[in-house]
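Novice: the following block contains a protein sequence and its predicted model.
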Amino acid sequence: MSQYRIMTFDGGGVRGSLMATLVKRLVDHFPTLLEQVDLFAGTSTGSVVASTLASGLSADTLVSFYSLENLKSAFSPSHFNWFRPKYSNANFQALLETHFPGNPRLGDLTKHKMMAPSFELDDRKENDWYPIFFHNFPGSPFLDEFVVDVALRSAAAPTFFPSHQGYIDGGMMANNPSTAAIAIALGHQEPKLELEDVCLLSIGTGLTPSIIKINTTGWGAVQWMLNPFHSPSEPILNILFDGVVEADHTLSKHLLGPRYWRLNPPLVRQTMLDDWKAVPELVKTASDYDLAPTLDWITANWN
């Protein structure tokens, strides 16, 4: 079979603005890049990126969605309440409904395949919670799901946003969806793929400089959940959303070897997923980052 191209996008809230800028820069160099993609996969904010591109919307449209104004709206107003989510998802949902006119379903995305992880809290069949990988491959049980609902489910970060329709953020188990994307493609693509057919470009939301230097031997639930006087201030969430990203990077690299490439610029500081004030800095980081090695890889492996 001919080469099967996958492009994946990590979770990271407002750091999606960095991915959008990187995609736009890549398209400026390779105008047909997105048209060549067979499968777009994304987690949390990455599910919005993947859905946008799988819908055939342009890189410019993607950049517009991740504007400072939109992200400020999505993460406003803020409510500090130990017993409630920090934000309603009403503004985020309104932005998505405007972004995807006509309220398309996954089955309506016919130009490309798309996958987005989420986590179902009660599958109502086996009385258990379960990871779900929404996709639009032929025969998928999810073809009637609305794209907006899939994005809201995949991006329902606990403590930040409410669960959506019984689902929470896919970043709880696959914040970097590269390994999952390989598995879903191998399991559902017709005609059947071989691993050596797969080529994957993984785009991250920025490499976060996270480290815990203090002694954690005596930490209990409170310190792991909230540590306001040190960085990271929410250690367990940072580990879940950022730490596990590197595991999938390592696994995908082992699976695909040189047919795998990771584009993930280092960030100058830790950026929380709701820090909309950091958007100009994130855009600048993506705009200034040296793309030469990535462009060389695309030339050698993609076109």
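Specialist: Structure's in. What do you need?
Novice: residue ranges of the helices in the chain, please?
Specialist: Assigned by DSSP state H, the chain shows helices spanning 16-29, 45-54, 59-65, 68-74, 90-99, 147-154, 171-174, 178-188, 221-225, 235-238, 244-256, 279-288, 292-301.
Novice: how far does the longest one sit from its chain's centre?
Specialist: Centroid displacement of helix 16-29 relative to its chain, using CA atoms, centre = their mean, to the nearest Å, is 14 Å.
Novice: repeat for stretch 33-49
Specialist: Stretch 33-49 sits 9 Å away from the centroid of its parent chain (CA atoms, centre = their mean).
Novice: pLDDT of that stretch, averaged?
Specialist: Across stretch 33-49, the average pLDDT comes to 98.
Novice: in the stretch 51-200 of the chain, what spans have low per-residue confidence?
Specialist: 80, 82, 123-127 (pLDDT under 70).
Novice: 80 instead?
Specialist: For the stretch 51-200 of the chain, residues meeting the criterion pLDDT under 80 lie at 78-83, 122-128.
Novice: residue contacts, Asp108?
Specialist: Val147 (CB atoms under 8 Å, 6 or more residues apart in numbering). Placement of C-beta: from N, CA and C, glycine included.
Novice: could you check how far it is from Met7?
Specialist: Noted for Asp108: a distance of 20 Å to Met7, by CB to CB, to the nearest Å.
Novice: same deal with Phe100?
Specialist: Counting by CB to CB, the gap from Phe100 to Met7 is 19 Å.
Novice: in terms of neighbours, single out the busier of the two.
Specialist: Between Phe100 and Met7, Met7 has the larger neighbour count (other CB atoms under 10 Å), namely 29 against 20.
Novice: go ahead and confirm that one touches Val49.
Specialist: No: between Met7 and Val49 there is no contact under CB atoms under 8 Å: 9.1 Å.
Novice: distance check, the nearest residue to His112 once chain neighbours are set aside against Val150.
Specialist: Of all residues not flanking His112 in the chain, Ala54 sits nearest, at 4.4 Å (CB to CB, 6 or more residues apart in numbering). Using CB to CB, Ala54 is found at 11 Å from Val150.
Novice: these two: which is more packed in?
Specialist: Using other CB under 10 Å, the more surrounded residue of Ala54 and Val150 is Val150, with 30 against 27.
Novice: who's in contact with Tyr66?
Specialist: Contact analysis of Tyr66 by CB under 8 Å, 6+ apart lists 14, 16-17, 20-21, 279.
Novice: distance between the longest strand along the chain and the chain's centre?
Specialist: For the chain, the longest strand by residue count, based on DSSP state E, is strand 113-120. Relative to the centre of its chain, strand 113-120 is centred 10 Å away, using CA atoms, centre = their mean.
Novice: go on, stretch 29-43?
Specialist: Here stretch 29-43 is found 15 Å from its chain centre; the criterion is CA atoms, centre = their mean.
Novice: buried sites along that stretch?
Specialist: Of all the residues in stretch 29-43, those buried under the rule 16 or more other CB atoms under 10 Å are 33-34, 37-43.
Novice: pull it out as CSV, backbone CA atoms only.
Specialist: The C-alpha coordinates for stretch 29-43 follow below in CSV (Å, rounded to 0.1, in the frame of the first residue of the first chain):
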residue,chain,number,x,y,z
HIS,A,29,6.1,26.1,3.0
PHE,A,30,4.1,23.2,1.7
PRO,A,31,0.7,24.4,0.4
THR,A,32,-0.7,20.9,-0.2
LEU,A,33,0.5,19.5,3.1
LEU,A,34,-2.9,19.2,4.7
GLU,A,35,-4.5,17.7,1.6
GLN,A,36,-2.1,14.8,1.7
VAL,A,37,-3.0,13.8,5.3
ASP,A,38,-5.0,10.6,5.6
LEU,A,39,-5.7,10.8,9.4
PHE,A,40,-5.9,13.8,11.7
ALA,A,41,-5.9,12.9,15.4
GLY,A,42,-6.0,15.2,18.4
THR,A,43,-6.6,15.3,22.1
